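Enquirer: Provide a 3D model corresponding to the input given below.
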Amino acid sequence: MNWSVDMPFNYVSFFIPILLFNVLYWLYYRHRKKKDRGFVLAYYRLSYRRRFKRNLWTLPLIIVSIIVILLLDYVPIFVQMGYVFVISVGTVIELMYNYKQANKEREDI
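Expert: Numbers count the residues shown, from 1 in each chain. Below is the predicted model of the structure:
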């Protein structure tokens, strides 16, 4: 077998299991009681205030991942730009949504 042949990476089959796991995870935790104190690994089990804090803590990791993906030469430019766009816009939307919901949650208490 010739190992020097470059096989194209199938991005769709890579992300489908990740998305499926994420949806199942969300379905399991969506009606459970949310936790506001202590350590919780499950993101969907956190209150919106804690989700907002976790998003702020992961912001440096997101910035590093964007820099790394831009430095990789073997990743096509459209994949790089798509990643940067989706991650940037998704992070901003998630931060705004969690902040809004955290304030709404605080007013309801």
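
Enquirer: residues in contact with Leu46?
Expert: Lys34, Lys35, Asp36, Val40, Arg54 (CB atoms under 8 Å, 6 or more residues apart in numbering). For the C-beta atoms, the positions are set from N, CA and C on the backbone; glycine is no exception.

Enquirer: what do you get for Ile93?
Expert: Ile93 neighbours (CB under 8 Å, 6+ apart): none.

Enquirer: Any figure for the gap between it and Arg37?
Expert: According to CB to CB, to the nearest Å, Ile93 stands 27 Å off from Arg37.

Enquirer: what does Tyr48 give?
Expert: Taken as CB to CB, the span from Tyr48 to Arg37 is 14 Å.

Enquirer: who has more neighbours, these two?
Expert: A count of neighbours by other CB atoms under 10 Å puts Tyr48 above the other of Tyr48 and Arg37, at 19 against 7.

Enquirer: Confirm for me that that one is in contact with Met96.
Expert: No: contact criterion CB atoms under 8 Å: Tyr48 and Met96 do not qualify, at 11.7 Å.

Enquirer: does Thr91 sit in a helix, a strand or a coil?
Expert: helix (DSSP: H, G, I helix; E, B strand; the rest coil).

Enquirer: What about the contacts of Leu46, which are in strands?
Expert: Members of the contacts of Leu46 lying in strands (criterion: DSSP state E): none.
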